[in-house]
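Trainee: Test case, fold it:
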Amino acid sequence: MIWTPSWKAVIIVSLLGSNIVFIRIIGALLYNVKLSNIEHHAIRKDLCPNSTNVTKGYDLELFVERSTIRKELCIKTTDTSGGCLLCPYHWRLHGDQCYYYSDITVRNWSQSRDDCKMMGADLLVIKNQKQQEFIQSSLRQQVEDTYWIGLHRDGDVWRWVDGGQYNSSLFEIKTQSLGHCVSMTRSGYYEGNCNSTNRWICVKKAVRI
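Mentor: Reported below is the predicted structural model:
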């Protein structure tokens, strides 16, 4: 005798199958919402470095399409589909990095570095001639002053804060006063006392959206 399921059993099985599909759909939606939340949180964290509560940064709704964000923020790019690089307010974009020039003179070298780190950055590291030319050009637009950079003496050698060694072919370090930290002005780079107070320059990677 061949067993034939009753109509009640068929309905129960169908309902169970539908519930499983429904649960999977809900799970996928919640996963996407979570990713969207994380993505927007990361954007706010990078673009609002001075805010202790990143949820109060740029008024980005969690469910706004990325293309809409690009359209609003990538104003200098004709093709926003590929996104663009952005820097926080008061920072300058060059290449794929953002640069910040302090507007006060109240920090020694270590304090200046701490300030950069609080903004997700570090003191300036110069890696090539093109970057150096950009920095010097930018300084001509700033108040004439002295700025700490991320170069300091480590034993017998000069070393950048990222661990790289100083390349003397990029620039010469002039001795203004004996010390273990390097600052720069429009006219050059100088060895000085790390406890002196100067302005400072921070650098960090730009945000791509």
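
Trainee: use CA for all of it now, contacts and neighbours both
Mentor: Noted.

Trainee: Kindly state the pLDDT recorded for the nearest residue to residue 192 once chain neighbours are set aside?
Mentor: Distances taken as CA to CA, 6 or more residues apart in numbering put residue 179 closest to residue 192, at 4.3 Å, once the chain neighbours are dropped. On the pLDDT scale, residue 179 is placed at 88.

Trainee: which SS class is residue 179?
Mentor: Put simply, residue 179 is coil when judged by DSSP: H, G, I helix; E, B strand; the rest coil.

Trainee: what's it in contact with, if anything?
Mentor: Going by CA atoms under 8 Å, 6 or more residues apart in numbering, residue 179 touches 191, 192, 193, 194.

Trainee: Please repeat the previous calculation with a cut-off of 6 Å.
Mentor: Residues in contact with residue 179 (CA atoms under 6 Å, 6 or more residues apart in numbering) are 191, 192, 193.

Trainee: Would you indicate which residues of the helix or strand hosting residue 131 are buried?
Mentor: Using DSSP states H and E, residue 131 maps to helix 129-139. For helix 129-139, a neighbour-count test (16 or more other CA atoms under 10 Å) marks 135, 139 as buried.

Trainee: Provide the strand pairings for whichever helix or strand comes after that helix, with the direction of each partner.
Mentor: On the C-terminal side of helix 129-139, the closest following helix or strand by DSSP H and E is strand 147-154. Next to strand 147-154 in the sheet, as set by DSSP bridges, lie strand 157-160 (antiparallel), strand 181-185 (antiparallel), strand 199-205 (parallel).

Trainee: could I have the helix holding residue 131 exported to PDB, CA atoms only?
Mentor: Extracted in PDB, the C-alpha atoms of helix 129-139 (Å, rounded to 0.1, in the frame of the first residue of the first chain):
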ATOM      1  CA  GLN A 129      60.600  64.800  -3.800                       C
ATOM      2  CA  LYS A 130      57.100  65.300  -5.100                       C
ATOM      3  CA  GLN A 131      55.700  65.200  -1.500                       C
ATOM      4  CA  GLN A 132      58.400  67.500  -0.300                       C
ATOM      5  CA  GLU A 133      57.600  70.100  -3.000                       C
ATOM      6  CA  PHE A 134      53.900  70.000  -2.000                       C
ATOM      7  CA  ILE A 135      54.800  70.600   1.700                       C
ATOM      8  CA  GLN A 136      57.100  73.500   0.900                       C
ATOM      9  CA  SER A 137      54.400  75.000  -1.500                       C
ATOM     10  CA  SER A 138      51.800  74.600   1.200                       C
ATOM     11  CA  LEU A 139      54.000  76.300   3.800                       C
END
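
Trainee: Brilliant, that's me finished.
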